[in-house]
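S.K.: 3D, please:
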Amino acid sequence: MSPAPHILISDDDPLLVAAVMREAKKLGMSVIADTTSTQVVQMAKQYHPAVILLDIRQPVDGRDILSMLKADPETQNIRVIMLSGVEDQYTRLTCLRLGAEDYVVKPFGPTLLINIFRSICNREATCPSLPLV
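M.R.: Okay, here's the model as predicted:
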């Protein structure tokens with residue numbers, strides 16, 4: 001049995017998913033993805049990732065998925081970082097109030113990802129050591 005993934009990404013942009021997977025794998029982190037937004041809760045229950053990167057604007061609204069994750073005892077403690085193509089303070093506050101760890105506006109670069117992963121890994125004993133950025 002393989003170890004639990006460090007990251008679950010749910011975004012309907014396959015190029016973004018591929019970029020996140022590539023950067024995370026360079027750091028020795030495992031990644032699983034859902035580009036449909038319909039399997040996030042099920043995958044979170046099955047794999048128990050350290051963090052979920054969750055796009056807001058998908059076929060299933062990311063805020064609804066976040067609410068489901070935080071309402072379920074099996075997934076409520078998984079860290080969720082919301083991704084959005086729009087800088088909107090109301091949406092940011094809504095996501096944080098719903099339990100998101102952070103709200104990141106796209107596009108973002110690998111340096112931001114590494115720092116997000118480092119922050120998460122500082123709390124996770126199973127994460128690899130990450131380079132300083």
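S.K.: any idea what the residue nearest the centre of the chain is bridged to?
M.R.: The residue lying closest to the centre of the chain (CA atoms, centre = their mean) is L53, at 1.6 Å. Under the criterion DSSP bridges, L53 forms beta bridges with I9, I81.
S.K.: which residues touch it?
M.R.: Applying CB atoms under 8 Å, 6 or more residues apart in numbering, we find L53 in contact with I7, L8, I9, S10, D11, V20, I81, L83. Quick note: C-beta positions are derived from backbone N, CA and C, even for glycine.
S.K.: can you list the low-confidence ranges for the chain?
M.R.: Counting by pLDDT under 70, the low-confidence segments of the chain come to 1-5, 118, 120-133.
S.K.: please, where are all the strands along it?
M.R.: 7-10, 31-34, 51-55, 79-84, 102-105 (DSSP state E).
S.K.: ok, residues contacting the last one?
M.R.: This means strand 102-105. With CB under 8 Å, 6+ apart, strand 102-105 has contacts from 81-87, 91-92, 95-96, 112, 116.
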